[in-house]
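> here is my input; please provide its structure:
(2 chains)
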Amino acid sequence: AQSVTQPDIHITVSEGASLELRCNYSYGATPYLFWYVQSPGQGLQLLLKYFSGDTLVQGIKGFEAEFKRSQSSFNLRKPSVHWSDAAEYFCAVAGQAGTALIFGKGTTLSVSS
Amino acid sequence: DAGVTQSPTHLIKTRGQQVTLRCSPISGHKSVSWYQQVLGQGPQFIFQYYEKEERGRGNFPDRFSARQFPNYSSELNVNALLLGDSALYLCASSLVGTRMEPQHFGDGTRLSIL
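Here you go, the predicted model:
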């Protein structure tokens, strides 16, 4: 069955420090992978996507993610976190049923000063 | 350009009532999907429509229904509301609804059931 696991429920990072959010997926064929961010009371904003090709993809707001097929992972990274990055982050894989996205449970990022 | 718009923003209903949520996709987008996001969880897929036809359906009871109009806007209907239907309902649109397309989300409708 297709699924996405985000092992970390909550992460706190100091402002200016680096960030890595983990995502593991289960999907039989070539996965189409996405990272979204959700600020309180708002919808989801696309940060980046992976379809094929280069395993390191760049996104908006200085985020990047690395696809590792051997580890079934698609971890999100940022070299230097800003206070405005505090939000909920969701990893998703495009499922087989239509265009349904299968989401992980999310990781809440808190940024300390 | 306007993004995906949803109405109403907030809604309070009581158990057993019926509710209709509305969504207008980004101009030019012909595919609309609906998701339910319960507090503390990731969004769960409910329906996907393309050119007024249902293309996909998630694991939700028949109390949930939807439709898409000729202008590509969409409505989600939920009958016989239960306490467990309290959630943020998100609408997303994409050009033609393929797996490769990123979905663009609205800010959602917060539904509270008393």
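
> tell me the bridge partners for A:Trp35.
A:Trp35 has these beta-bridge partners by DSSP bridges: A:Leu48, A:Cys91.

> so is the helix or strand harbouring A:Arg77 next to chain B?
Element membership of A:Arg77, judged by DSSP states H and E, is strand A:73-78. No: using C-beta under 8 Å from any C-beta of the partner chain, strand A:73-78 stays clear of chain B, with a minimum separation of 14.4 Å. Quick note: C-beta positions are derived from backbone N, CA and C, even for glycine.

> contacts for that strand, please.
Strand A:73-78 is touched from outside by A:18-25, A:31, A:33, A:35, A:47-48, A:50, A:61-68, A:85, A:89, A:91, with contacts defined as C-beta atoms under 8 Å, 6 or more residues apart in numbering or on different chains.

> list only those of these flagged as buried.
Burial by neighbour count, 16 or more other C-beta atoms under 10 Å in any protein chain shown: within these this picks out A:19, A:21-25, A:31, A:33, A:35, A:47-48, A:50, A:63-67, A:85, A:89, A:91.

> what does chain B put close to chain A?
Looking at chain A, the residues of chain B close enough under C-beta under 8 Å from any C-beta are B:4, B:31, B:33, B:35, B:40-45, B:48, B:50, B:55-58, B:90, B:92, B:94, B:97-108.

> just the ones of the residues you listed in strands?
Residues of the residues of chain B next to chain A located in strands (DSSP state E): B:31, B:33, B:35, B:44-45, B:48, B:50, B:55-57, B:90, B:92, B:94, B:104-105.

> by neighbours, which of those wins?
B:Ser33 (30 neighbours; other C-beta atoms under 10 Å in any protein chain shown).

> surely A:Tyr32 meets A:Val93?
Yes: here A:Tyr32 reaches A:Val93: they are 6.8 Å apart, a contact under C-beta atoms under 8 Å.

> measure B:Lys52 to B:Lys30 for me?
9 Å (C-beta to C-beta, to the nearest Å).

> whoops, A:Asn24 was the one
For A:Asn24 relative to B:Lys30 (C-beta to C-beta), the value is 33 Å.

> go on, B:Thr20?
B:Thr20 is 21 Å from B:Lys30, by C-beta to C-beta.

> neighbour count for the two, which is higher?
Between B:Thr20 and B:Lys30, counted using other C-beta under 10 Å, B:Lys30 has the larger neighbour count: 16 against 13.

> show the pLDDT at the more buried one.
If you check B:Lys30, the pLDDT there is 95.

> same check, this time on A:Pro40
So A:Pro40 comes in at 86 (pLDDT).

> lowest-scoring secondary structure element of chain B by mean pLDDT?
Within chain B, no helix or strand scores below strand B:53-57, which has a mean of 92 by mean pLDDT, DSSP states H and E.

> continuing past it, what's the next helix or strand?
strand B:64-68.

> show me where pLDDT drops low in chain B?
B:1 (pLDDT under 70).

> quickly list what whichever residue of it sits closest to chain A is bridged to.
Closest contact between chain B and chain A, by C-beta to the nearest C-beta, is at B:Gly56 (2.6 Å). Taking DSSP bridges as the rule, B:Gly56 bridges to B:Gln48.
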